[in-house]
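> Sharing a model that was predicted from the sequence below.
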Amino acid sequence: MPIVAHNPLPTFAHLRAAGQQILDPDRALHQDIRELHIGLLNMMPDAALEATERQFFRLIGQSNQIAQFYVHPFTLDALPRSEATRAHIRRYYQPFARIREDGLDALIITGANVTGPDLSGEPFWNPLIEVVDWAWENVSSTLCSCLATHAVLQFRYGQRRRHLGEKRWGVFPHRVVDRAHPLVGTVNTLFDVPHSRFNEISRAQFDAAGLPVLVESPEAGVHLAVSADGFRQVFFQGHPEYDTISLLKEYKREVKRYGAAERPDYPPFPEGYFTVQSRAILDEHAARLRAAMAQGREPPPLPEEHIVFRLDNTWHDTAEGVVGNWMGLIYQVTHSDRKLPFMDQIDPADPLGLRRRPAP
């Protein structure tokens, strides 16, 4: 079943307008279908907060048809916010104290912007540890996205991310390396995932931490890994939640930064994303922008209208499949009381029974 619009969050209206099925709460009450309550810890900065809401809500709502999904967004008070964003959070988000009191079946933690190389110096550091430690004891499974993965690998597993030297961004092919794991057993064995990051946790670091890798790329590195028990923590390094135009927006932002002399070099193209025709159009725009800067003229706008219709989305279907599998597994093991993480017969050290399965 779809996501239930259980509060007036504008994201529900955006998704409904885009054609996604959103269930009214009155109708949900009359359906004899089990609810799943999913927390979304949104740590993204103000400019990306609502877009990130929509991306993850869409991915959850389109991924699985077995339950009614109630998604509960919350954030961390320690993160700096504008007054407008604080008003949005006060109106539509729940405080962590309420989340903890009511309980969750699953938790998603987004990435965040950082100011320095050491994550332990960021304002979210200690509050995030509190949330992750609570979820480990009380939630069936936690899915960490990008920066959240790097933070959890540092404070829980002693693995610090390493700077790549330059930004790794684009759409990269990935291969499933453990086809027996139920998170990926039904999805394409070769699929694309967007990445956008300056840092990474390497395959060797995941191995050293005892975290099984399920999906990786020769060019982009590890995308999907899990905790040693196979399920209670799920780690993404890529961004399967991205919209088709997300990398275009990032590219546009970096071009604007160059035009404003906020970065010294013209941004490179995201790999595997723009067509040959789009690259030619954008190269022409770069020449016009440089000429305008040299002459002290207003920078020309990026010709997005000539680029958007050439963009292809080669990752969303598989992202739905992985998240759908995750939701289905949560449905199988989580307790009917959302304050308890597992059904009585489930072993928390092996919730999916992977250790009892015969080798393929």
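Sure thing, it's come through. Numbers count the residues shown, from 1 in each chain.

> need the contact list for Asp344.
His335 (CB atoms under 8 Å, 6 or more residues apart in numbering). C-beta: built from backbone N, CA, C; applies to glycine.

> In terms of pLDDT, where does it sit?
As predicted, Asp344 sits at a pLDDT of 92.

> now do Arg168
Looking at Arg168, its pLDDT stands at 95.

> That one belongs to a strand, doesn't it?
Yes - Arg168 forms part of a strand when assessed by DSSP: H, G, I helix; E, B strand; the rest coil.

> Which strand residues bridge it?
Arg197 (DSSP bridges).

> Can you mark which positions in stretch 274-290 are buried?
Residues of stretch 274-290 classed as buried: 274, 278, 281-282, 285, 289 (neighbour count, 16 or more other CB atoms under 10 Å).

> Narrow those residues to those in helices?
Counted as lying in helices by DSSP state H, out of the buried residues of stretch 274-290, are 278, 281-282, 285, 289.

> out of the residues you listed, who's nearest Pro127?
Pro127 lies nearest to Leu282 out of these, by CB to CB, at 40.0 Å.

> The closest one contacts Pro270, correct?
No - Leu282 lies out of contact with Pro270 (CB atoms under 8 Å); the separation is 10.8 Å.

> And the stretch of helix or strand Gln55 belongs to, what does it pack against?
Secondary structure from DSSP states H and E places Gln55 in helix 46-63. For helix 46-63, the elements it packs on are strand 3-4, helix 10-17, strand 35-41, strand 68-74, helix 83-92, helix 316-333, judged by 3 or more CB pairs under 8 Å, 6 or more residues apart in numbering; DSSP states H and E.

> So for Ala47, which of those sits nearest?
helix 83-92 (9.1 Å).

> For the closest one, which outside residues touch it?
Outside helix 83-92, the residues that touch it by CB under 8 Å, 6+ apart are 7-10, 46, 49-50, 73, 75, 81.

> Measure how it sits relative to helix 46-63, angle-wise.
Between helix 83-92 and helix 46-63, the angle comes out at 30 degrees (axes from the mean of the first three to the mean of the last three CA atoms, to 10 degrees).

> Keeping just the C-alphas, turn helix 83-92 into CSV.
Below are the C-alpha coordinates for helix 83-92, written out as CSV (Å, rounded to 0.1, in the frame of the first residue of the first chain):
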residue,chain,number,x,y,z
GLU,A,83,14.1,30.6,10.9
ALA,A,84,12.0,29.6,7.9
THR,A,85,13.4,26.0,8.1
ARG,A,86,12.9,25.9,11.9
ALA,A,87,9.3,26.9,11.3
HIS,A,88,8.9,24.0,8.8
ILE,A,89,10.4,21.6,11.2
ARG,A,90,8.3,22.8,14.1
ARG,A,91,5.1,22.4,12.0
TYR,A,92,5.8,19.1,10.2
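
> Same question for that helix: list its buried residues.
Buried residues in helix 83-92 (16+ other CB under 10 Å): 85, 88-89, 92.

> next one: stretch 216-229
So for stretch 216-229, counting by 16+ other CB under 10 Å, buried means 216-217, 220-227, 229.

> Ok, stretch 328-340 next?
Neighbour counts using 16+ other CB under 10 Å place 328-331, 333-334, 338 of stretch 328-340 among the buried residues.

> Low-confidence regions, the stretch 51-200 of the chain specifically.
64-67 (pLDDT under 70).

> Great, nothing more from me.
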